[in-house]
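In: what follows is a predicted protein model with its sequence.
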Amino acid sequence: MSRQITIRPSGHVFQAQEGETVLEAAMREGFMLPYGCRNGACGSCKGKVIEGAVDHGNFRDSVLPAAERERGNALFCQARPQSDLLIECREIGAVKDITVKTLPCRVQTLELVAPDVMRIRLKLPAAERLQFLAGQYIDILLKDGTRRSLSLAKPPHDDALIELHLRNYGGPFSRHVFTQMKEKDILRFEGPLGSFYLREDSNKPVVLLAGGTGFAPIKAIIEHAIHNKLKRRMILYRGARRPADLYLDELPQGWQRDHAVSYVPVLSDVADGDVWNGRRGLVHQAVMEDLPDLSEYEVYACGAPAMVEAARRDFTARCRLPEAAFYADAFTPAVPATN
Ligand code: FES
């Protein structure tokens, strides 16, 4: 039997299915409640049950002592509704509401998905989860004190493992990953960081522009939108040099087939012998050919600085895109100079 949950003070209402925790139900219906470990150990998800009853589940006593339970407090990552509920808690509305953490992690898998792109999956300690918005990034903290910024390639609901896409453009961290890193190696990172995430308070159609490994945060945004059943029209323009650079291409093909996310791959450097019947040229120019009037769109762009800057300049100057409707990733080291 499903239960209705109303959040105070926002007035948001959602349904919890049989067996779901309050947090699971909220995330499934697209409401972001704060959380940390998601296993009853940290208290980040604590809120108040004003009306109704919950099964408190498993938790550390020190995090939710009996006196707090009697006052109506609950850990929403553990609490399962036993009736309709009125709850009081903070909701995550923007990056500023999310706690930036420094965490260790273990390399779970390393997978070459293109000749020079590694998909890295990282596992957090059992008592930790990373809360983030789709599109944000983390900084890997290197032993020499430097940092390497990499976008989170999975959406927030799919957070059992952290996924990153790294292009080998010859820097020290890429060299290390491609030649020495092994599964089970330990890394440290800080995150989530960045203000590149889908603004969900708009119904405008969205153009997503991804160049090279700029595909990673765009993938997270699209998978988040699909999971949350967002109704906005989405068109993905993906730029690469050659066919082999369109790594994980079965994903956007599947989004187009099953979820009405239009997909337009565009190659800039097709070589003799490549099999390619699709669009050619610079990816942002393909957008302008198809959508000469962007005045009613929002654009989310991630890729090489040259691509992002050309898109910002030309979309606003020639296609009537409002400056404020252009969102781009501000960091660039993970993204090679390709369009
Ligand atoms: S106790 Fe850590 S997220 Fe719920």
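Out: On my side now, so go ahead. Numbers count the residues shown, from 1 in each chain.

In: who's in contact with the spatially most central residue of the chain?
Out: Nearest to the mean C-alpha position of the chain, by Cα atoms, centre = their mean, lies Ala134 at 2.3 Å. The neighbours of Ala134, taking Cβ atoms under 8 Å, 6 or more residues apart in numbering as the test, are Leu152, Pro155, Pro156, Tyr197, Leu198, Pro217, Ala220, Ile221, Glu223, His224, Ala225. Where C-beta positions appear, they are placed from N, C-alpha and C, glycine not excepted.

In: now with 7 Å?
Out: Pro155, Pro156, Tyr197, Leu198, Ala220, Ile221, His224 (Cβ atoms under 7 Å, 6 or more residues apart in numbering).

In: same question, Leu142
Out: Each residue near Leu142 by Cβ under 7 Å, 6+ apart is listed here: Arg148, Phe173.

In: which residues in the stretch 101-250 of the chain form strands?
Out: Along the stretch 101-250 of the chain, counting by DSSP state E, counting those that start in this stretch, strands occupy 101-114, 117-123, 137-141, 147-151, 162-167, 186-193, 206-211, 234-240.

In: run a quick neighbour tally on whatever residue of the stretch 51-200 of the chain ends up closest to the ligand.
Out: Proximity of the stretch 51-200 of the chain to the ligand (Cβ to the nearest ligand atom) peaks at Cys77, 3.2 Å away. By the criterion of other Cβ atoms under 10 Å, Cys77 has 26 neighbours.

In: leaving aside the residues next to it on the chain, what's closest to Leu33?
Out: Once flanking residues are discounted, Leu33 sits nearest to Ala26: 5.0 Å by Cβ to Cβ, 6 or more residues apart in numbering.

In: do you know how far that neighbour is from the ligand?
Out: 12 Å (Cβ to the nearest ligand atom, to the nearest Å).

In: closest to Ala271 out of the strands of the stretch 101-250 of the chain?
Out: Set against Ala271 and scored by Cβ to Cβ, these come closest in strand 234-240, at 12.5 Å.

In: quickly run through the sheet partners of that closest one, with directions.
Out: Strand pairing for strand 234-240, determined by DSSP bridges: strand 206-211 (parallel), strand 261-267 (parallel).

In: most tightly packed of those strands?
Out: The highest mean neighbour count among the strands paired with strand 234-240, using mean count of other Cβ atoms under 10 Å, belongs to strand 206-211: a mean of 28.

In: who's in contact with it?
Out: Where contact means Cβ under 7 Å, 6+ apart, the residues beyond strand 206-211 that reach it are 218, 221-222, 232, 234-239, 283-284, 287, 291, 297-304, 307, 311, 335, 338-339.

In: same thing but at 6 Å, please
Out: Applying Cβ atoms under 6 Å, 6 or more residues apart in numbering, the contact partners of strand 206-211 are 218, 232, 234-239, 287, 297-304, 307, 311, 339.

In: now do stretch 46-54
Out: So stretch 46-54 is in contact with 72-76, 79, 81-89, going by Cβ under 6 Å, 6+ apart.

In: now, of the residues you listed, which are buried?
Out: Asn73, Ala74, Leu75, Phe76, Ala79, Pro81, Asp84, Leu85, Ile87, Cys89 (16 or more other Cβ atoms under 10 Å).

In: look at the fifth one and report its pLDDT.
Out: The score at Ala79 is 98. That number is its pLDDT.

In: do the third one as well
Out: Reading off the per-residue confidence, Leu75 sits at a pLDDT of 96.

In: gap between it and Cys42?
Out: To Cys42, Leu75 is 9 Å away according to Cβ to Cβ, to the nearest Å.

In: gap between His56 and Glu68?
Out: 10 Å.

In: quick check: Gly30 touching Lys229?
Out: No: under the criterion of Cβ atoms under 6 Å, Gly30 makes no contact with Lys229, lying 7.7 Å away.

In: which other helices and strands contact the helix or strand encompassing Leu23?
Out: Per DSSP states H and E, Leu23 falls inside helix 22-28. Secondary-structure packing of helix 22-28 (3 or more Cβ pairs under 6 Å, 6 or more residues apart in numbering; DSSP states H and E): strand 13-16.

In: mind giving me the domain ranges of the protein?
Out: The record's domain split for the chain, according to automatic domain parsing, is 3-91, 96-193, 206-328.

In: around Ala311, count how many other residues there are.
Out: Ala311 - counted by other Cβ under 10 Å - has 29 other residues nearby.

In: any idea whether it is helix, strand or coil?
Out: Recorded secondary structure, Ala311: helix (DSSP: H, G, I helix; E, B strand; the rest coil).

In: give the contact list for it.
Out: Applying Cβ under 6 Å, 6+ apart, the residues near Ala311 are Leu209, His284, Ala301.

In: gap between the residue lying closest to Pro155 once chain neighbours are set aside and the ligand?
Out: Sequence neighbours aside, His224 is the residue nearest to Pro155 in space, at 3.7 Å (criterion: Cβ to Cβ, 6+ apart). Going from His224 to the ligand by Cβ to the nearest ligand atom gives 19 Å.

In: over to Pro252?
Out: Plainly put, Pro252 is 33 Å away from the ligand if you go by Cβ to the nearest ligand atom.

In: same thing with Ile221?
Out: In terms of Cβ to the nearest ligand atom, Ile221 sits 24 Å off from the ligand.
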